[in-house]
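Chemist: coordinates only, sequence not included:
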Ligand code: MSP
């Protein structure tokens, strides 16, 4: 049955240089989208940029540009990277676009009209240097400069009023916040009283934001603006039919650090608007650099472009998907990148392709031999092949891409063992038909694996399927056509020699 699949990534701060964390979420969304499209689902994949706020304003001022010019100059860093990474998003939203701004303002008005926004005067300690209110404790820490007591009027969203309803929703929908550890974390957080959310900044402090329609001296807080992208892009308050087609989202993919903004701010905003909540908020872990956090000051920020240049797009996509276990942190080191590349892609997958095609060229005239009569050994491989598609589908529908990849690689590893045991290079001397049967079975497993891997490695698998004359083939065991002539080709995943690195 075909389903709707609307998936989002966070919209990234335009000011930041894209790094491996941004690339991971975007590739994950892309892989899920490609899988779902292949399954016949109706897919809408959204990503984009978060372009308002103080940091953008300051960076633009420093460069002597208007904030909008600054954003326009920086946006291509992300757009170009997504192109290089083969990202197949259906839309790209920028919070400075008119279509988004209009919706944010309409929403502010709507929420104000329904009584969920009110004005309140706040008095507290304010650090002029940091441009934010700080706590007494922070003031005592000595880390903040130019502290003064400030009284400021601001607009607040009645978030607290939805606390009980939100708790009930999370309790009634076990798959709403995933993985489970994050769900528990949020339920724990919601045990404390939930306050209201300050959603404005006076223009005197911050000009670069979306103006509040009922008070032109203020702009809206960046999160209130940014979260709305998930509904402004699919046409909320602009294109009813489109919006009804896509909303609620199937999954918001996010990093664990922005879990509260999504599962508390965003959901209560949706409650206030009378809109259904997304089906799932999925928070993945962090990429650590070895054992430490990635940070500019540590100088250990991994640039996805460098990796692509060194190892190719598909290897990077594969590595990121295979290495991060659902929901947990993962550690990146050049060594484990090379290790996984060499073991999974160069040895297990690439080498198998070389071996079978080499043997077919040598002993079978370069033409895929007939499947022949299966013996127990072939039956075992075929049985694994016949169930693999459904297994992978179930895992991917459950966001378990790492496990799905492991299942596919298990088949490849089983075929490598089968090749060793059957030794078709020896068999060819005594029983050519039997050798052919082994090679057909191994090649068919490669074909099937390539079809299943194509969401993760679209380029390389297209090459494999082309070599095997199996472009457009599906998940049935036995679709490989005997009699197909195999061309010669360069190694798919040349081994990375560690000495050279
Ligand atoms: N602009 C907000 C999101 C608004 S969504 C309505 C934002 N942007 S961000 O560019 O700072 O971060 C975007 C995402 O990158 C977050 O999901 C964050 O978790 C992720 N990552 C940042 N560093 C990361 C790693 N080291 N590893 C994995 N993901 C990390 O927050």
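Modeler: Yep, that arrived. All values reported here derive from a predicted model rather than from experimental measurement.
Chemist: interface residues of this structure facing the ligand?
Modeler: Residues of the chain lying near the ligand by CB under 6 Å from any ligand atom: 10-13, 16, 21-22, 24-25, 50, 226-227, 229, 254-255, 257-258, 286-287, 294. Bear in mind the C-beta positions are built from the backbone N, C-alpha and C, glycine included.
Chemist: filter those residues down to the ones in strands?
Modeler: Among the residues of the chain next to the ligand, the members falling in strands are 10-13, 50, 254-255, 287 (criterion: DSSP state E).
Chemist: closest one of those residues to residue 306?
Modeler: Out of those, the one with the shortest distance to residue 306 is residue 287. That distance is 14.6 Å, counting by CB to CB.
Chemist: now do the contacts for the closest one.
Modeler: Applying CB atoms under 8 Å, 6 or more residues apart in numbering, one finds that residue 287 lies in contact with 20-21, 24, 294, 302, 324, 329-332.
Chemist: name the residues that touch stretch 164-171?
Modeler: By CB under 8 Å, 6+ apart, the list of residues contacting stretch 164-171 from outside reads 176-177, 183, 186-187, 190, 194, 263-264, 267-268, 271, 277.
Chemist: how far out from the middle of the chain is the helix or strand harbouring residue 112?
Modeler: Under the assignment given by DSSP states H and E, the secondary-structure element containing residue 112 is helix 98-113. Averaging C-alpha positions (CA atoms, centre = their mean, to the nearest Å) puts helix 98-113 28 Å from its chain's average.
Chemist: same check, this time on stretch 33-44
Modeler: For stretch 33-44, the distance to the chain centre is 15 Å (CA atoms, centre = their mean).
Chemist: got JSON lines for the ones in strands among the residues of the chain next to the ligand, with pLDDT too?
Modeler: As requested, these are arranged in JSON lines below (pLDDT from 0 to 100):
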{"residue": "10", "pLDDT": "98"}
{"residue": "11", "pLDDT": "98"}
{"residue": "12", "pLDDT": "97"}
{"residue": "13", "pLDDT": "95"}
{"residue": "50", "pLDDT": "97"}
{"residue": "254", "pLDDT": "98"}
{"residue": "255", "pLDDT": "96"}
{"residue": "287", "pLDDT": "93"}
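Chemist: from the residues you listed, pick the one nearest the ligand.
Modeler: residue 255 (1.6 Å; CB to the nearest ligand atom).
Chemist: correct me, but the closest one touches residue 283?
Modeler: Yes - using CB atoms under 8 Å, residue 255 is in contact with residue 283, at 6.7 Å.
Chemist: more crowded one of these two?
Modeler: residue 283 (23 against 17; other CB atoms under 10 Å).
Chemist: would you mind measuring from residue 211 to the ligand?
Modeler: Distance, residue 211 to the ligand, by CB to the nearest ligand atom, to the nearest Å: 19 Å.
Chemist: right, I mislabeled it, should have said residue 418
Modeler: Taken as CB to the nearest ligand atom, the spacing of residue 418 relative to the ligand amounts to 38 Å.
Chemist: residues contacting that residue?
Modeler: The neighbours of residue 418, taking CB under 8 Å, 6+ apart as the test, are 377, 380-381, 438, 441-442.
Chemist: ranking the residues you listed by neighbours, who comes first?
Modeler: Of all those, residue 441 has the most neighbours under the rule other CB under 10 Å, reaching 30 neighbours.
Chemist: just the element for that residue, please.
Modeler: Applying DSSP H and E as the criterion places residue 441 in helix 432-453.
Chemist: and that helix, which residues are buried?
Modeler: Along helix 432-453, these residues count as buried under the neighbour rule (16 or more other CB atoms under 10 Å): 434-453.
Chemist: got the angle for the helix or strand following that helix vs helix 432-453?
Modeler: Toward the C-terminus, helix 432-453 is succeeded by helix 458-467 as the next helix or strand (DSSP H and E). Taking axes from the mean of the first three to the mean of the last three CA atoms, to 10 degrees, helix 458-467 and helix 432-453 form an angle of 150 degrees between their directions.
Chemist: which strands and helices sit next to helix 458-467?
Modeler: Here helix 458-467 touches helix 313-323, helix 351-363, helix 432-453, going by 3 or more CB pairs under 8 Å, 6 or more residues apart in numbering; DSSP states H and E.
Chemist: what distance separates it from the centre of its chain?
Modeler: Chain-centre distance of helix 458-467: 23 Å, with CA atoms, centre = their mean.
Chemist: between it and helix 313-323, how big is the angle?
Modeler: Direction vectors for helix 458-467 and helix 313-323, defined by the same axes, to 10 degrees, enclose an angle of 110 degrees.
Chemist: please name the nearest non-neighbouring residue to residue 332.
Modeler: Setting aside the residues directly before and after it, residue 332 is nearest to residue 287 in space (CB to CB, 6 or more residues apart in numbering), at 5.4 Å.
Chemist: list the contacts for the closest residue in space to residue 440 that isn't next to it in sequence?
Modeler: If you skip the residues right next to it in sequence, residue 440 has residue 371 as its closest partner in space, 4.6 Å away by CB to CB, 6+ apart. Residues touching residue 371, when contacts are defined by CB under 8 Å, 6+ apart, comprise 437, 440-441, 444, 478, 482.
Chemist: now the residues you listed in TSV, with pLDDT and distance to residue 347?
Modeler: Below are the contacts of residue 371 laid out as TSV (pLDDT from 0 to 100; distance: CB to CB, whole Å):
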residue	pLDDT	distance to residue 347
437	98	24
440	98	22
441	98	20
444	98	20
478	97	27
482	98	27
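Chemist: give the helix, strand or coil label for residue 238.
Modeler: Reducing the assignment at residue 238 to three states with DSSP: H, G, I helix; E, B strand; the rest coil gives coil.
Chemist: what is the burial count for it?
Modeler: A count of nearby residues for residue 238, using other CB under 10 Å, gives 15.
Chemist: just residue 171 next, same as before
Modeler: When neighbours are counted by other CB under 10 Å, residue 171 registers 11.
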